[in-house]
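Undergrad: Build the 3D model from these lines:
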Amino acid sequence: MALERLRVLRELADRGTVAAVAAALSMTPSAVSQQLKVLAREAGVALLEPDGRRVRLTDAGHALVMRADEVLAAMDRAVAEMAHYRGCPRGRVRVAVFPSGGALLLPYVLPGMADSGVDVVTSDEDEPPSEVTRLLADYDVVLTHRDERAAPIADPRVVTRVLMREPIDVVVARTHRLADRSAVAPKELAEETWLSVRGGFPVDDVLRSIATVTGVQPRIAQRLNDFRVIETLVATGYGVALMPRYAVSDPALAVLRLSGVRAARRYELATRPRADDRPAIAAVLAAFESAAAEVTSDTGTARG
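TA: Predicted coordinates:
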């Protein structure tokens, strides 16, 4: 049933005559009558009955007016709410972040959004970029990362924007033979025992690049996605590892730049197309962009 016809019926219940309804809605009496006839056909029951020279609502007509009140009130609330969203960013935005990216950026994003009227609800999702489309079924924004040489997500239902670039370095124990170096070439690491992450993540992509350069398949002792666990094991001398530069926190580690290989990951925000038409989502995207600018200006690492 069209909303316009439900509104006509409600007006008749309020005003009592077709003529009064016509005047209130800037319609002709014949047009009002026609709308009511169509509505009765759609309902499949008589909505009006004669009352002298007037008409009155049948029991079915009264029942439909009650439902029309509910429907039209809900639509009015929706229109008012959308108008409010257009005026200022309010509402809930669901955000998925990969753990190390969340640890880096959320301390800037969440305090910055605290008094904005936007309720930012974050969850950590440790998934590779191939899972972004699936994640967007449950989230409005997904913070993801990929090896800088990997192709962007190719899905017409996903829009991505690059936030920043983070170098990936080699970490070794302070007692390691290379610990006093500032940089290391891949061929110098051919015989090392590695700690790495699960396949499909940027760090593992870089490790495969090292294998290509050296011609030696890396000896991977453990695959762990928690960088804190990897740091602890490397500090004991158990092996060496690749880690994103901003994720390194253990002072017992020596950090070496990797030379001869493009070793970095790109942070990206993924949304559905035109999601940023919603002011609340646009505000969250802007907060992440501001956070990335803060991080990269503090560290001197170029964005993009």
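
Undergrad: List the contacts of stretch 8-19.
TA: Stretch 8-19 is contacted by residues 20-21, 24-25, 27, 29, 32-33, 35-36, 39, 47, 54-55, 57, 61-62, 64-65, 68-69, 72 when judged by Cβ atoms under 8 Å, 6 or more residues apart in numbering. Yep, even glycine has a C-beta here, placed from its N, CA and C like the rest.

Undergrad: Go again with 7 Å.
TA: With Cβ atoms under 7 Å, 6 or more residues apart in numbering as the test, stretch 8-19 has contacts from 21, 24-25, 29, 32-33, 35-36, 39, 47, 54, 57, 64-65, 68-69, 72.

Undergrad: which of the residues you listed are buried?
TA: Buried members of these, counted by 16 or more other Cβ atoms under 10 Å: V21, L25, V32, S33, Q35, L36, L39, L47, L57, L64, V65, A68.

Undergrad: Give me the subset of those residues lying in helices.
TA: In helices, judged by DSSP state H, the following of the buried ones among the contacts of stretch 8-19 are found: V21, L25, V32, S33, Q35, L36, L39, L64, V65, A68.

Undergrad: Would you confirm that the fifth one contacts R5?
TA: What that stands for is Q35. Yes - between Q35 and R5 there is a contact at 4.9 Å, judged by Cβ atoms under 7 Å.

Undergrad: Tally up the residues packed near A154, please.
TA: 6 (other Cβ atoms under 10 Å).

Undergrad: Tell me the secondary structure of it, please.
TA: A154 carries the three-state label coil when classified by DSSP: H, G, I helix; E, B strand; the rest coil.

Undergrad: ok, now how distant is it from T133?
TA: 10 Å (Cβ to Cβ, to the nearest Å).

Undergrad: related to what we said a few turns ago, and which of the ones in helices among the buried ones among the contacts of stretch 8-19 is nearest R274?
TA: The closest of those to R274 turns out to be A68 (Cβ to Cβ; 32.4 Å).

Undergrad: can you give me the helices for the stretch 101-250 of the chain?
TA: 132-135, 202-214, 227-235 (DSSP state H, counting those that start in this stretch).

Undergrad: which stretches of the stretch 151-300 of the chain form strands?
TA: 159-173, 183-184, 193-196, 219-223, 240-244, 253-258, 264-271 (DSSP state E, counting those that start in this stretch).

Undergrad: Could you export those to TSV, including columns for distance to R208, mean neighbour count and mean pLDDT?
TA: Formatted as TSV, the entries for the strands of the stretch 151-300 of the chain read as follows, by distance: least, Cβ to Cβ, whole Å; neighbours: other Cβ atoms under 10 Å; pLDDT from 0 to 100:
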stretch	distance to R208	mean neighbour count	mean pLDDT
strand 159-173	12	21	95
strand 183-184	17	16	94
strand 193-196	10	20	93
strand 219-223	11	14	92
strand 240-244	11	24	94
strand 253-258	13	20	95
strand 264-271	14	23	94
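
Undergrad: Pipe these into CSV and attach distance to D115 per row.
TA: Listed next are those as CSV, based on distance: least, Cβ to Cβ, whole Å:
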stretch, distance to D115
strand 159-173, 23
strand 183-184, 44
strand 193-196, 42
strand 219-223, 42
strand 240-244, 31
strand 253-258, 37
strand 264-271, 22
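
Undergrad: Quick one: closest of those strands to P99.
TA: P99 sits nearest to strand 240-244 of all the strands of the stretch 151-300 of the chain, at 11.2 Å, using Cβ to Cβ.

Undergrad: Redo the buried ones among the contacts of stretch 8-19 as CSV? Include distance to V171.
TA: Shown next, in CSV, are these (distance: Cβ to Cβ, whole Å):
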residue, distance to V171
V21, 77
L25, 73
V32, 78
S33, 81
Q35, 74
L36, 77
L39, 72
L47, 76
L57, 78
L64, 71
V65, 72
A68, 67
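
Undergrad: between those residues, which is nearest W194?
TA: Nearest to W194 out of these is A68 (Cβ to Cβ; 68.3 Å).

Undergrad: quick one: pLDDT of the closest residue to that closest one other than its chain neighbours?
TA: Nearest residue to A68 in three dimensions, chain neighbours excluded: L6, at 4.1 Å (Cβ to Cβ, 6 or more residues apart in numbering). L6 is assigned a predicted lDDT (pLDDT) of 90.
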